[in-house]
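Chemist: Prediction below, plus the sequence it came from.
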Amino acid sequence: MTDLSRPARFQKALGRIAPELARMLGGPLAGLAAEKASAILLAKEVAEQAELERALASASPSVLLELKEAGLALQRSLIEAGVEEERIAALDRQSAREREIALKDHIPGFLAVTVVAGFFAVLAVMLLRQVPEGTETEFSIMLGALAAMAAAVMNYYFGSSASSREKTRMLGQRPF
């Protein structure tokens with residue numbers, strides 16, 4: 001596999017021609033992007049960095065266009081995969097809601113109320129009363145666990161947005 005793990009001239013030069021492909025070199029898809037660039041520039045899967053730099057510097061306009069198109073095609077595939085993933089997640093949420101409606105199951109609602117009430121009860125005890133000496137750690141652990149459960153309850157009833165996941169993904173990307 002092509003070693004493109006460190007920022008280099010090749011990645012910067014590729015970024016001017018096919019920024020989508022160059023961005024992938026800095027992330028978890030580096031291997032795929034490197035193989036694609038190597039296949040287009042040198043007609044082989046494995047290449048040294050210097051070899052790729054020379055090939056890119058002397059590439060014809062048609063090869064540069066092929067690199068640009070490959071980057072766009074990979075980006076389009078990733079977008080389609082993300083859309084499909086979100087569609088599957090939406091179907092999963094819908095089936096969970098339909099199950100709850102069909103069974104007229106009150107247990108999830110009861111558990112949700114219990115968790116949220118428990119969270120605020122423990123929080124109130126910790127804020128308004130003197131916690132018995134030696135139990136501060138246990139109360140803190142209980143509050144943390146209840147906070148995590150309360151967040152899960154909120155996500156279940158109100159949803160966790162896809163935009164939140166997208167924001168997290170974007171924060172992890174390196175700018176050029």
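Modeler: It's in.
Chemist: which residue ranges form the helices in this structure?
Modeler: Remark: helices assigned in the chain by DSSP state H are 9-17, 19-25, 30-42, 49-57, 61-103, 107-128, 136-158, 162-172.
Chemist: Among those helices, show me which one is buried the most.
Modeler: helix 19-25 (a mean of 22; mean count of other C-beta atoms under 10 Å). Backbone N, C-alpha and C define where each C-beta goes, glycine included.
Chemist: Let me see the domain layout of this protein.
Modeler: Under the assignment automatic domain parsing, the domains of the chain span 9-77, 106-172.
Chemist: Put together CSV for these, with mean pLDDT on each row.
Modeler: Shown next, in CSV, are those (pLDDT from 0 to 100):
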stretch, mean pLDDT
domain 9-77, 87
domain 106-172, 85
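Chemist: which residues sit against stretch 108-126?
Modeler: 100, 131, 139-140, 142-143, 146-147, 149-150, 153, 156-157 (C-beta atoms under 8 Å, 6 or more residues apart in numbering).
Chemist: how about those, which pair is most distant?
Modeler: Maximum pairwise distance among the contacts of stretch 108-126 (C-beta to C-beta): 36.8 Å, between 100 and 131.
Chemist: Contacts for stretch 37-47, please.
Modeler: Against stretch 37-47 from outside (C-beta under 8 Å, 6+ apart): 1-2, 14, 18, 21, 25, 35, 51-52, 55-56, 59, 63, 66-67, 70.
Chemist: try it again with 10 Å
Modeler: 1-4, 10-11, 14, 17-18, 21-22, 24-25, 31, 34-36, 48, 51-56, 58-59, 63-64, 66-67, 69-71 (C-beta atoms under 10 Å, 6 or more residues apart in numbering).
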